[in-house]
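Visitor: Everything below, folded, please.
(2 chains)
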Amino acid sequence: MTSHLKEISKSIEAAQGESFLEELNRKWNDHNKALQMIRDILMYMDRTYIPSNHKTPVHELGLNLWRDNIIHSSKIQSRLLNTLLELVHRERTGEVIDRGLMRNIIKMLMDLGSAVYQEDFEKHFLEVSAEFYKVESQKFIECCDCGEYLKKAEKRLNEEIERVTHYLDAKSEIKITSVVEKEMIANHMPRLVHMENSGLVNMLLDDKYEDLGRMYNLFRRVPNGLLTIREVMTSHLRETGKQLVTDPERLKDPVEFVQRLLDEKDKYDSIINKAFSNDKTFQNALTNSFEYFINLNARSPEFISLFVDDKLRKGLKGVSEEDVEIILDKVMMLFRYLQEKDVFEKYYKQHLAKRLLSGKTVSDDAERSLIVKLKTECGYQFTSKLEGMFTDMKTSQDTMQGFYASHPELGEGPTLVVQVLTTGSWPTQPSSTCNLPSEMSALCEKFRSYYLGTHTGRRLSWQTNMGNADMKATFGKGQKHELNVSTYQMCVLMLFNNAERLNYKEIEQATEIPAPELKRCLQSMACVKGKNVLRKEPMSKDIGEEDAFFVNDKFSSKFYKVKIGTVVAQKESEPEKQETRQRVEEDRKPQIEAALVRIMKSRRVLDHNNLISEVTKQLQQRFLPNPTEIKKRIESLIERDFLERDNVDRKLYRYLA
Amino acid sequence: MPRASKRKAAPASSSSVTAPPPDQSRSRTAKATSKTRLKESDQIDNLFDTYANSSLGQIDPEGIETLCSDMKVEYTDVRILMLAWKMKAQRQGYFTKDEWQAGMKALKANTLLKLVKALSELKKEAEAPQNFEDFYSFAFKYCLTEEKQKGVDIESTCELLKIVLGYQFRSQVDSLVEYLKVQKDYKVINKDQWMGFLRFCKEISFPDMANYDENQAWPLILDNFVDWKKQKSGGR
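Guide: This next block holds a predicted model:
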């Protein structure tokens, strides 16, 4: 057979150009047919003699002979390889080749044994492909922008996969795809991601979901691919976030501020959803970034509360219940990122109090829904006082009904509405002096005795700085208006029922309202256009001690109901901010101490660093304690003999029962 | 201590009665030593009476002052503090009879002269590493004159630091005292902080303080001191 094959080999060698492969193919087919026949003839020997004597089976022998004499013949071997590679290259450059022929030849190699396939073809195929793609990727990256490049890379990748299905061994797929991935993607990753005007950051800014998705899918294939994307996204997000929260322009409008944060969150949620297939690691990166920059601004908790306040006052008017839930859930997401949740609580309480007392909430259900969410997030203690506030409002309603029911004679006079607030649930406000006009004070006294009649042992103190009043007023030209004013303003205005002109001193004496509040109150009624129910001489903007006040007979407004003096929640002024911050700090001290005692009681003995980290862990749901503050508390506890330092190792603390 | 002396006399007499002639010499010396001991404790008592305030039954600050001038030692000398330590004196400025007796006995001094000599030995003893912490701790406690007093005011602390640590840790004490006078966080120093000062001097290299780690369990006042010092010397 060998000599026969040698003949064949010569004839194949002789084949020129194109027909080389065809010749090979034909001869191979012939050979196979022949082998089959031979095997059939020699079947008996194949089955009995050969196994027992450990000789190579016929078919195999035939294949080996083919391999040795044809494929590995010096003139054929390299020519075969080169021809095959040439064809592949041509196809890559866009030509159409005879895929059937390719398939047969490759199959021949595979039949000859995987060693032949790999050694004589695959190995070289991979090398050449690598070279090809190295060159191509270099060419592309010089002239394409990121998006285009990725498209091309994807195309090539798909081509190779297709090539494998058509005429290569399936096992080659993974090998060739890693070659493409390496050459086209892995080697150029940094350059692609950071490409000017078209890299990852630009894609993020422009919401290029398709490009981002493509990048995600391609980079996923290479080591550290997703890591690279994540890192760049994170640092970009942190940078944008940081600018957002530290931009002084933005800080002027808290509601805008928070809205921008929510928008940013929405944007990235979309990107991760649409382009990054909701990859958890990307979601975590998003969370971390937000946690980082939202806490860069110490006013974030206050602003989020103001945002909620705005929504609950008017923003959610006419919004469907589901949409309300969606917005509140989004706000809760931001809340979770806050480090200083206790600061938020303080502001939320203040704002809620104002909303409840002025009756300005758009939807009770929305309010309650948010409380429930906060409770789920932070536990019962966080919200018990807030719930107490709602209860007080309800109870007060019932109380008022009872009051008027038991005093039917009061139906004619001014209507009193009292909200009885449980101290401790509501943010503390120092109450100040104020002389109510006689009509009101009589009424208030009646209420007081009624209430104390049913609730003995309680103490009531009027919070005149938090109330409001609706008054009917008739002006000089007969204009009638209904004025909604604060209690202080009411006291001042009622004075003018009995006097044409009053100067500041007289007003001060009669009402006994503290000077700063009185001045603000007079300013809002005499110096503000559209609300100037009073006239002041001189017409300056500031209130002087000698100023004189008159009812403004010429007052006009296009509305019948005029609102003067609202108790709207506002961004705090500097001194107010300091005060709130101080109160929060003070509240933290006992919490830190409680945590310290709790931990030491159960551990008995603990070293300094572990104690600090345990305390931090316990309190992190509410705020991040300052290690220096913790140290101060530890020293205070040592001084009060709750703890002691170990005599030998002064880094250890011991609990003293 | 009449009771004690009686006891000492008794065995001596019994041995002199029962012992055969050869023991007579011993009994005589026994008698002699007991007599000396008797004399000694008497001398101690006499010395006590010399300085004590008779109506109080204790040596009061005036008495201590006199004692000091007799010994030609400054009232503020650290050795007086060490004497108080040796006596385990409970109340600053006063020595009770028991305290006096215990102290003098421990120092093996029954005359003023011996006491003066004993003082320099005492200094070495107090400064010995195994004793110094105890003495240092005592010095603070000694300053807590009021009942339930937990802290010593800054002024007194500074003086005390100079007396007690000044000899061994001059530069640290100078710096520390300077800081204590300018800082505003603390008006009194408590025991924990006081002990911290000693630990600081012993463990932290000075003045670079390179091995100070504020994340360790140092009292906050020392963290602040280190910050202040570093800022002063410009480095950080």
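Visitor: Verify the contact between A:Ser524 and A:Tyr488 for me.
Guide: No: at 9.7 Å, A:Ser524 does not count as touching A:Tyr488 under the criterion of Cβ atoms under 8 Å. Yep, even glycine has a C-beta here, placed from its N, CA and C like the rest.
Visitor: how near is A:Arg26 to A:Phe20?
Guide: As judged by Cβ to Cβ, to the nearest Å, A:Arg26 and A:Phe20 stand 11 Å apart.
Visitor: Please report phi then psi for the closest residue to A:Leu312 other than its chain neighbours.
Guide: Excluding its sequence neighbours, the residue lying closest to A:Leu312 (Cβ to Cβ, 6 or more residues apart in numbering or on different chains) is A:Thr361, at 5.3 Å. Taking degrees, to the nearest 10, you get phi -90, psi 140 for the backbone angles of A:Thr361.
Visitor: Which pLDDT value belongs to A:Thr361?
Guide: Looking at A:Thr361, its pLDDT stands at 81.
Visitor: Contact partners for it?
Guide: A:Leu312, A:Arg313, A:Arg355, A:Glu367 (Cβ atoms under 8 Å, 6 or more residues apart in numbering or on different chains).
Visitor: Same list (the residues you listed) but as JSON lines, adding secondary structure and pLDDT.
Guide: Shown next, in JSON lines, are the contacts of A:Thr361 (DSSP: H, G, I helix; E, B strand; the rest coil; pLDDT from 0 to 100):
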{"residue": "A:Leu312", "secondary structure": "helix", "pLDDT": "88"}
{"residue": "A:Arg313", "secondary structure": "helix", "pLDDT": "85"}
{"residue": "A:Arg355", "secondary structure": "helix", "pLDDT": "87"}
{"residue": "A:Glu367", "secondary structure": "helix", "pLDDT": "89"}
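Visitor: which one of those residues has the most neighbours?
Guide: Within the contacts of A:Thr361, A:Leu312 tops the neighbour count with 23 neighbours, counted by other Cβ atoms under 10 Å in any protein chain shown.
Visitor: For A:Leu483, which three-state class applies?
Guide: Taking DSSP: H, G, I helix; E, B strand; the rest coil as the rule, one finds A:Leu483 in the strand state.
Visitor: What ranges in the chain fall below the confidence cut-off?
Guide: Let's take chain A. Counting by pLDDT under 70, chain A shows low-confidence ranges at A:1, A:14-18, A:565-571.
Visitor: please go with chain B instead
Guide: Looking at chain B by pLDDT under 70, you get B:1-38, B:235-236.
Visitor: Now do the contacts for residue 209.
Guide: You didn't pick a chain, so chain A it is. In this structure, A:Tyr209 makes contact with A:Ser270, A:Ile271, A:Lys274, A:Ala275, judged by Cβ under 8 Å, 6+ apart.
Visitor: You answered for a different chain; I wanted chain B.
Guide: B:Val226, B:Lys229, B:Lys230.
Visitor: can you list the residues you listed in JSON lines and add secondary structure and neighbour count?
Guide: Formatted as JSON lines, the contacts of B:Met209 follow (DSSP: H, G, I helix; E, B strand; the rest coil; neighbours: other Cβ atoms under 10 Å in any protein chain shown):
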{"residue": "B:Val226", "secondary structure": "helix", "neighbour count": "18"}
{"residue": "B:Lys229", "secondary structure": "helix", "neighbour count": "18"}
{"residue": "B:Lys230", "secondary structure": "helix", "neighbour count": "15"}
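Visitor: could you redo those as a markdown table and give each row distance to A:Leu534?
Guide: Output for the contacts of B:Met209, formatted as a markdown table (distance: Cβ to Cβ, whole Å):
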| residue | distance to A:Leu534 |
| --- | --- |
| B:Val226 | 62 |
| B:Lys229 | 62 |
| B:Lys230 | 61 |
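Visitor: Identify the residue of chain B closest to chain A, quick one.
Guide: B:Ala217 (3.5 Å; Cβ to the nearest Cβ).
Visitor: isn't that residue right next to A:Tyr653, touching?
Guide: Yes: using Cβ under 8 Å, B:Ala217 makes contact with A:Tyr653 at a distance of 7.4 Å.
Visitor: Can you check which residues contact both of these two?
Guide: In contact with both B:Ala217 and A:Tyr653: A:Asp607, A:His608, A:Arg645, using Cβ under 8 Å, 6+ apart.
Visitor: Excluding sequence neighbours, find me the nearest residue to B:Val182.
Guide: Nearest to B:Val182 is B:Trp228, by Cβ to Cβ, 6+ apart, at 7.9 Å.
Visitor: Okay, that neighbour and B:Lys184: tell me how far apart.
Guide: In terms of Cβ to Cβ, B:Trp228 sits 12 Å off from B:Lys184.
Visitor: Of the two, which one has the most company?
Guide: B:Trp228 (15 against 5).
Visitor: doesn't B:Gln183 make contact with the more buried one?
Guide: Yes: with contact defined as Cβ under 8 Å, B:Trp228 counts as touching B:Gln183 (7.3 Å).
Visitor: can you list the residues of chain B near chain A?
Guide: B:Lys150, B:Asn190, B:Asp192, B:Gln193, B:Met195, B:Arg199, B:Asn215, B:Gln216, B:Ala217, B:Pro219, B:Leu220, B:Asp223 (Cβ under 8 Å from any Cβ of the partner chain).
Visitor: The fourth one sits in which helix or strand?
Guide: Yep, that's B:Gln193 we're talking about. Here B:Gln193 sits within helix B:191-203, counting by DSSP states H and E.
Visitor: and that helix, C-alpha only, in CSV?
Guide: Taking Å, rounded to 0.1, in the frame of the first residue of the first chain, the C-alpha atoms of helix B:191-203 are listed here in CSV:
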residue,chain,number,x,y,z
LYS,B,191,-6.6,59.1,88.1
ASP,B,192,-6.7,57.5,84.6
GLN,B,193,-5.1,60.5,83.0
TRP,B,194,-2.5,60.7,85.7
MET,B,195,-1.4,57.1,85.3
GLY,B,196,-1.4,57.8,81.5
PHE,B,197,1.2,60.5,82.0
LEU,B,198,3.6,58.0,83.6
ARG,B,199,3.0,55.4,80.9
PHE,B,200,3.6,58.1,78.3
CYS,B,201,6.9,59.1,79.8
LYS,B,202,8.0,55.5,80.1
GLU,B,203,6.9,54.2,76.7
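Visitor: Can you give me the buried ones in that helix?
Guide: Using 16 or more other Cβ atoms under 10 Å in any protein chain shown as the test for burial, helix B:191-203 gives B:Lys191, B:Asp192, B:Gln193, B:Trp194, B:Met195, B:Gly196, B:Phe197, B:Leu198, B:Arg199, B:Phe200, B:Cys201.
Visitor: Could you list every helix and strand in contact with that helix?
Guide: helix A:627-639, helix B:129-142, helix B:154-165, helix B:170-182, helix B:220-232 (3 or more Cβ pairs under 8 Å, 6 or more residues apart in numbering or on different chains; DSSP states H and E).
Visitor: re earlier: in a markdown table: the contacts of A:Thr361, plus distance to B:Lys72.
Guide: Converted to a markdown table, these look like this (distance: Cβ to Cβ, whole Å):
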| residue | distance to B:Lys72 |
| --- | --- |
| A:Leu312 | 84 |
| A:Arg313 | 85 |
| A:Arg355 | 82 |
| A:Glu367 | 84 |
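Visitor: The residues you listed: which two are farthest apart?
Guide: Greatest spatial distance in those: A:Arg313 and A:Glu367, 10.7 Å, computed using Cβ to Cβ.
Visitor: next structured bit after the helix or strand harbouring A:Asn82?
Guide: Under the criterion of DSSP H and E, A:Asn82 resides in helix A:74-92. Using DSSP H and E, the next helix or strand after helix A:74-92 towards the C-terminus is helix A:99-111.
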